[in-house]
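Participant: Starting from these lines, generate the structure:
(chains A and B)
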Amino acid sequence: MDNQLLNVSSAPHVRSKDTTQSIMRDVLLALLPTTLVGIWNFGWEALLLIVVSMTSAVALEALYQHLMKKPIRVLDGSAAVTGLLLALNVTSTLPVGMIILGNFIAIIVIKQLFGGIGQNIMNPALGARCFLVISFAAQMTSFTYDGITGPTPLQTLKFQDQASLWQMFLGNHGGTIGETSALALLLGAGYLFYRRIIRPTIPFYYIGTLVVFIALFGGHGLDPIFLAKHVCGGGLLIGAFFMATDYTTSPTTHMGRVIFGILCGLLTGIFRVYGANAEGVSFSIIFANLLVPLIERYTMPYAYGSSPWNRKKNMALFQRMSKEE
Amino acid sequence: MGKLFRSFTGGIHPFGGKEITKNDAVEPLFLEEKTEVVIPLSQHIGAPCECLVKRGDEVLIGQKIGEAKGKVSSCVHASVSGKVKKVEERRVYDGRMMMSVVIESDGKNQEVEYLPADYHALSREEILHRILEGGVVGFGGAGFPTQAKLDVKHPERVEYVLINAAECEPYLTSNYRLMMEDPKRVYGGMEILLHLYPNAKGMVVIEDNKKDCVKVMKRVFQDTKVSVLTVKTKYPQGDSRMIMEAATGRKMSSDFHAVDLGCVVCNVDSVARIYDAVSLGKPVVNRIVTVTGEGLNRHGNYLVPLGTSYLKILELSGGANVENPKYISGGPMMGTALMNLDVPVTKLASSLLVLPSDDVMNAKESPCIRCGRCAEVCPGRIMPLVANRYAEKGDKEGFIAHGGMECCECGCCSFICPAKKPLTQNIKSMRRMIINEKKKEKVHG
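Facilitator: Below is the predicted model of the structure:
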């Protein structure tokens, strides 16, 4: 017993079970419903794109880390999430080569060149999607459903209203692979809330702000069907629950999250109402991503009991305790 | 405000582990002849004691062997009857060497004669003196000498006397057992405290996972003005600042003391000891130690004479059931991992916890993903991820400006971090470094 070496460490001696890997696994699980709906909707083409996208994302990250002699962290699952998110954000008719290029932008340019996981300045999947939209506008915005190429419900909402709210909620209509079914996305979001992976702050303020904005400037006032269609349409739900809540590119302070959500909602509203496109979620989240360091800097919380109003209260108590008669 | 809101912002819910020893009644531990106890002359914050005995002296249980020196200090007493073998430096639980009195038990366990007193007949100074002579310190873990805490300039202005009975650390049940088995002593201590602070409102604050305890306390205090407050079970509810906020709504930043804001917060064990010291004249010679953890064959709550070696306690509980477990003195969140088991139990040792596996060793650090969980759970409302960045860089100004000094070292951030970063550890070392520098400046400047 005398010379036995004991395990010693500084407190705390217990750790929670959650790891980066388990979080990424939960996100993948949460994306499962919408992925399945996407495959059911858009067929084998969608499945192929998803498989290629996830494989290339993981392969590119592994290759980069190997070549650059960095610690191999690809098994944490973040690259797989990025690959899946990117596939869910393109149309099923996109050529396979383009999704690989997109993953190159996401994983290498946006994520690894900035220092890897936790260091990227914008959401890799969204950044890559915007790159693809700008570079290959035609392929990225040709939405096919049931063999017929046509506008998405959000586009028709802007120009001439066609799809029913029920259709938009269930997801049998044109759009990107993963954005169509509000129901599937809400299921996934519910799982993330249940597992406490994400907090409601950002989605709440994002969607709330957008609804207020559309009600004020959308031209239809408080028409509930119109507002609901705006919420279900386009990439709002996948953006609000799965993209804007990305840990690395959203603020860590509570106030910062509120501001970030409102900013996303405002920008999306502006892009949707006044922009040339019907869409706007990707660009608004990316734009807000870039402002995160600034937002965080000005929303640092006061340490416990150190806020000016609380200090004043404490000083008054202190004086009462210590003053001489 | 409703019951549910009596808490604080942040905090975590680690595995409870209290069920293991909850129902084990406290068993006194007697040391047989020839057993050695090692009593460190400093078992509190502040100046170490002056030794009153020398080699060869015969001592009895309760005999004072260390005299308090200075204002912030406390006495220590012999915990067995026997002969003083040596007075020398011995290693204590946190690895430091401390001047200690080594006593060999004669197995007779003879006690000195205690002098009971009626606190009504004593003056304020006399009460405080009896507490000092009784060696009462903050049993919650800080070890601040109780009489120094209670010595307030204007006692009549104190508004609240709070008994901290939250016991929020996982696994620990010593306070729980004390309240279940000896509520009268807690009651007696509270009476003395309310006598010292005539205008204060007394409150006993207990977490809502100890329902039976709340019942016992309510019964004991039923005919008094003292209220028993149930707060949400959440770690670190037992931090004195969190207790204060839950009970009074006052949020104290680290540059104030509780008493500055009109509150006196005492650990429940200390309150019972105040009763012992003042009314019975009995000093602190033992403490309830919870011996627990999944790595042990037998568990229980023991009343252990101070100075008993942890090895002895381990033997008593049948030893560990796994190879190479982790031994911790105190709870898993703030306790100290023992690097040597042959160290004495002190007034601050609430438990011997044996964990079969070491989470810390198994955890692999990976880069921060900025999930913000640390900031959500931090009861000090700082941003551990930011403070950690300053600490890693060694940027003292940035660290202070960011509020790193408000850290209470509770360990929530390290616990919750999915990237397994040693946040608490980094922030703690930085904080200690700055505190030590300030102390040095005071001495030299």
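Participant: From here on, just use CA atoms for contacts and neighbour counts.
Facilitator: Noted.
Participant: any low-confidence regions in chain A?
Facilitator: A:1-4, A:157-162, A:278 (pLDDT under 70).
Participant: what's in contact with the helix or strand of chain B with the lowest mean pLDDT?
Facilitator: The weakest-scoring helix or strand in chain B, judged by mean pLDDT, DSSP states H and E, is helix B:359-362 (a mean of 84). Defining contact as Cα atoms under 8 Å, 6 or more residues apart in numbering or on different chains, one finds that helix B:359-362 is touched by A:9, A:13-15.
Participant: In TSV, list those along with secondary structure and neighbour count.
Facilitator: Formatted as TSV, these follow (DSSP: H, G, I helix; E, B strand; the rest coil; neighbours: other Cα atoms under 10 Å in any protein chain shown):
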residue	secondary structure	neighbour count
A:Ser9	coil	17
A:His13	coil	25
A:Val14	coil	23
A:Arg15	coil	25
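Participant: just those residues that are near chain B?
Facilitator: Checking those against chain B by Cα under 8 Å from any Cα of the partner chain, the ones in range are A:9, A:13-15.
Participant: Would you format the residues you listed as CSV with distance to A:Phe260 included?
Facilitator: As requested, these are arranged in CSV below (distance: Cα to Cα, whole Å):
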residue, distance to A:Phe260
A:Ser9, 39
A:His13, 35
A:Val14, 34
A:Arg15, 30
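Participant: which of the contacts of helix B:359-362 sit farthest apart?
Facilitator: A:Ser9 and A:Arg15 (12.5 Å; Cα to Cα).
Participant: Excluding chain neighbours, give the residue nearest to the residue of the stretch 101-250 of chain A found nearest chain B in space.
Facilitator: Scanning the stretch 101-250 of chain A for the residue nearest chain B gives A:Gly118, at 4.2 Å (criterion: Cα to the nearest Cα). Leaving aside its sequence neighbours, A:Gly118 sits nearest to B:Ile369 (Cα to Cα, 6 or more residues apart in numbering or on different chains; 4.2 Å).
Participant: ok so that neighbour is a strand residue?
Facilitator: No - read with DSSP: H, G, I helix; E, B strand; the rest coil, B:Ile369 is coil and lies in no strand.
Participant: what residues does chain A put near chain B?
Facilitator: Going by Cα under 8 Å from any Cα, the residues of chain A near chain B are A:5-20, A:117-119, A:247-248, A:252-253, A:300-306, A:310, A:314, A:317-318, A:320-322.
Participant: what about the residue nearest to A:His13 when sequence neighbours are not counted, neighbour count?
Facilitator: The shortest distance from A:His13 to any non-neighbouring residue, by Cα to Cα, 6+ apart, is to B:Pro332 (5.1 Å). B:Pro332: 25 surrounding residues under other Cα atoms under 10 Å in any protein chain shown.
Participant: ok, now the one 10 residues further on?
Facilitator: B:Asp342: 18 surrounding residues under other Cα under 10 Å.
Participant: ok, now A:Val52?
Facilitator: By other Cα under 10 Å, the residues close to A:Val52 number 19.
Participant: Please report how far it lies from chain B.
Facilitator: 26 Å (Cα to the nearest Cα, to the nearest Å).
Participant: so that residue is in which element?
Facilitator: Using DSSP states H and E, A:Val52 sits in helix A:44-67.
Participant: packing partners for that helix?
Facilitator: helix A:20-42, helix A:78-88, helix A:96-103 (3 or more Cα pairs under 8 Å, 6 or more residues apart in numbering or on different chains; DSSP states H and E).
Participant: Quick check, the residue in the stretch 201-350 of chain B closest to chain A?
Facilitator: Counting by Cα to the nearest Cα, the stretch 201-350 of chain B gets nearest chain A through B:Met333, at 4.2 Å.
Participant: Which residues are in contact with that residue?
Facilitator: A:11-14, B:169-170, B:410-412.
Participant: how does it look with 6 Å?
Facilitator: Listed by Cα atoms under 6 Å, 6 or more residues apart in numbering or on different chains, the contact set of B:Met333 reads A:11-12, B:411.
Participant: Return the member of those residues nearest to A:Val90.
Facilitator: B:Gly411 (43.3 Å).
Participant: Surely the closest one touches A:Pro12?
Facilitator: Yes - if you go by Cα atoms under 6 Å, B:Gly411 and A:Pro12 touch, sitting 5.3 Å apart.
Participant: So between these two, which is more surrounded?
Facilitator: B:Gly411 (30 against 25).
Participant: send the alpha carbons of the helix or strand A:Phe213 falls within over as PDB?
Facilitator: Counting by DSSP H and E, the element that carries A:Phe213 is helix A:201-217. Extracted in PDB, the C-alpha atoms of helix A:201-217 (Å, rounded to 0.1, in the frame of the first residue of the first chain):
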ATOM      1  CA  THR A 201     -33.600  31.000 -27.800                       C
ATOM      2  CA  ILE A 202     -32.300  31.400 -31.300                       C
ATOM      3  CA  PRO A 203     -35.100  29.600 -33.200                       C
ATOM      4  CA  PHE A 204     -37.700  31.400 -31.100                       C
ATOM      5  CA  TYR A 205     -36.400  34.900 -31.800                       C
ATOM      6  CA  TYR A 206     -35.600  34.000 -35.400                       C
ATOM      7  CA  ILE A 207     -39.000  32.700 -36.300                       C
ATOM      8  CA  GLY A 208     -40.800  35.200 -34.100                       C
ATOM      9  CA  THR A 209     -39.000  38.200 -35.700                       C
ATOM     10  CA  LEU A 210     -39.700  36.900 -39.200                       C
ATOM     11  CA  VAL A 211     -43.400  36.400 -38.500                       C
ATOM     12  CA  VAL A 212     -43.600  40.000 -37.100                       C
ATOM     13  CA  PHE A 213     -41.700  41.300 -40.100                       C
ATOM     14  CA  ILE A 214     -43.900  39.500 -42.600                       C
ATOM     15  CA  ALA A 215     -47.000  40.600 -40.800                       C
ATOM     16  CA  LEU A 216     -45.900  44.200 -41.000                       C
ATOM     17  CA  PHE A 217     -44.300  44.300 -44.500                       C
END
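Participant: Good, we can wrap up now.
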